[in-house]
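1. Starting from these lines, generate the structure:
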Amino acid sequence: METDPFRIRDHVAHFDSIVSEIVKASERTRETLSMTGNVVYGDGPSESLDIFYPEGTRKNLPVHMFIHGGYWRMFSKRDYSCVANTVTQAGAIAVIVDYALMPAHRMEVLVDQVVRAKRWVIDRIAEYGGDPSTLTVSGHSAGAHLASFLFHGSTIPSRIEGAFLLGGLYDLAPLQRSFLQNEIALSDEEVARFTPLSHHHDPHCRVILAVGAKETDPFHAQSNAFLSTLRGQGLPAVRKILAARNHMDSVRDLGVPGSEAGDLLARLVTGEPCPA
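-> Below you'll find the model as predicted:
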């Protein structure tokens with residue numbers, strides 16, 4: 001029987017232990033980093049974000065916003081607080097965003113929420129010591145998909161300086177033929193409206209598309225396709241293959257300063273060029 005290439009658990013031998021590492025690292029992050037938790041960006045119960053600070057004076061600091069993955073139907077911002085380790089060590093404020101989950105809510109709601117979270121950051125982060133003109137974003141898997149709507153072509157300038165998209169999903173149609181369809185029931189209308197490959201994006205946003213070398217074929221194919229799309233629209237986009245990494249240990253590394261993924265994230269946050 002052919003294995004579903006989108007069922008991550010079937011392709012990552014230590015899936016549960018890696019998730020446990022990420023969650024425990026996030027608990028330590030919330031215990032050790034200075035933070036302001038559960039700041040609301042909307043009226044819904046899931047519409048909140050956590051803000052983590054680097055050491056030192058909080059004034060005009062770079063700002064980075066992270067969106068977690070989980071195929072739009074699992075995990076929360078608390079599970080991925082650890083990404084703030086890399087961001088704050090690079091001297092920036094980290095904003096880790098929560099959003100509603102499918103299937104209780106539809107894709108339209110999730111996209112609207114992350115867009116409103118971005119708007120909140122632009123409008124309010126100066127009150128917390130951040131400089132909104134420096135805003136960068138990142139996301140993993142479904143979070144990379146959602147992050148693509150933050151530098152969307154409908155809002156130029158998008159106010160996003162750069163994006164780091166890790167193990168992302170940019171063509172939703174294949175997911176209708178995967179195990180996931182029984183869980184979130186993507187409609188044809190959602191696929192048509194929310195497939196990033198069919199959208200235009202802000203040409204002023206620099207983008208790093210990263211994928212683990214051990215990811216399954218669709219993640220590599222979608223990353224390549226989105227790279228071509230973005231470059232065709234004039235975006236300065238690059239693609240990076242993370243050595244010996246799969247869909248889960250790659251995102252774990254985002255919270256590990258000095259790792260390959262962590263280094264790419266830090267470069268994005270500080271505005272350093274991404275090595276070829």
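
2. how many other residues sit next to residue 223?
-> By other Cβ atoms under 10 Å, 24 other residues sit near residue 223. In short, each C-beta sits where N, CA and C put it, glycine included.

3. Tell me how far it lies from residue 206.
-> Separation of residue 223 from residue 206 (Cβ to Cβ, to the nearest Å): 16 Å.

4. Residue 26 falls within a helix, correct?
-> Yes: looking at residue 26 with DSSP: H, G, I helix; E, B strand; the rest coil, it is inside a helix.

5. How about it, nearest residue that isn't a chain neighbour?
-> Closest residue to residue 26 apart from its sequence neighbours, by Cβ to Cβ, 6 or more residues apart in numbering: residue 81 at 3.8 Å.

6. does that neighbour really touch residue 98, like I thought?
-> No: the pair formed by residue 81 and residue 98 falls short of the contact definition of Cβ atoms under 8 Å, at 11.2 Å.

7. okay, these two: which has more neighbours?
-> Comparing residue 81 with residue 98 by neighbour count (other Cβ under 10 Å), the higher total belongs to residue 81, at 28 against 25.

8. For residue 93, see how far away that one is.
-> 14 Å.

9. which residues are common contacts for the two?
-> Common contact partners of residue 81 and residue 93 (Cβ atoms under 8 Å, 6 or more residues apart in numbering): residue 52.

10. what comes up buried for stretch 213-233?
-> Neighbour counts over stretch 213-233 (16 or more other Cβ atoms under 10 Å) mark 214-216, 218-223, 226-227, 229-230 as buried.

11. Dump those residues into a markdown table; add pLDDT and distance to residue 17 as well.
-> Formatted as a markdown table, the buried residues of stretch 213-233 follow (pLDDT from 0 to 100; distance: Cβ to Cβ, whole Å):
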| residue | pLDDT | distance to residue 17 |
| --- | --- | --- |
| 214 | 98 | 16 |
| 215 | 98 | 18 |
| 216 | 98 | 20 |
| 218 | 98 | 24 |
| 219 | 98 | 21 |
| 220 | 98 | 24 |
| 221 | 98 | 28 |
| 222 | 98 | 26 |
| 223 | 98 | 26 |
| 226 | 98 | 30 |
| 227 | 98 | 31 |
| 229 | 98 | 35 |
| 230 | 98 | 34 |
